[in-house]
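In: The sequence isn't on hand, but the structure is:
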């Protein structure tokens with residue numbers, strides 16, 4: 001069974017009972033979405049020992065630096081519970097900061113059983129021309 005949690009603006013999902021392995025997919029992020037991503041990651045890494053993989057494939061270039069900063073903060077908070085963060089498709093200019101924070105860059109996202117989406121996901125109909 002696959003669980004997909006789509007975050008709604010200004011309403012954080014209840015993630016305290018999320019499983020040990022979670023994939024987070026930020027999409028097109030507005031400033032409020034960045035704050036929600038920060039809160040989602042904080043909840044995931046501080047309420048239980050988890051492995052959180054963040055897929056940056058769909059994060060726009062404008063927001064990548066912000067997302068890297070959020071990930072560095074989440075990695076610091078993760079140490080309190082023994083959680084770990086991993087990143088897929090890390091931006092080249094953010095890899096050093098992620099490495100220093102102890103965040104591994106993995107090559108692919110495993111098939112997630114539990115996935116959290118933050119921001120506006122692209123509509124498949126809009127992509128088909």
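Out: Happy to help now that I have it. Since we're looking at a predicted model, the values are computed, not measured.
In: So what's the residue count around the nearest residue to residue 13 once chain neighbours are set aside?
Out: Closest residue to residue 13 apart from its sequence neighbours, by CB to CB, 6 or more residues apart in numbering: residue 5 at 5.0 Å. Quick note: C-beta positions are derived from backbone N, CA and C, even for glycine. Per other CB atoms under 10 Å, the neighbour tally for residue 5 reads 17.
In: Low-confidence ranges, the chain, go.
Out: Applying pLDDT under 70 to the chain flags residues 123-129.
In: still on that earlier bit, doesn't residue 14 make contact with the residue nearest to residue 13?
Out: No: taking CB atoms under 8 Å as the definition, residue 5 is not a contact partner of residue 14, at 9.1 Å.
In: hang on, the earlier thing: what's opposite the residue nearest to residue 13 in the beta bridge?
Out: Bridge pairing for residue 5 (DSSP bridges) gives the partners residue 116.
In: and it, what does it touch?
Out: Contact partners of residue 5, counting by CB atoms under 8 Å, 6 or more residues apart in numbering, are 13, 15, 114-117.
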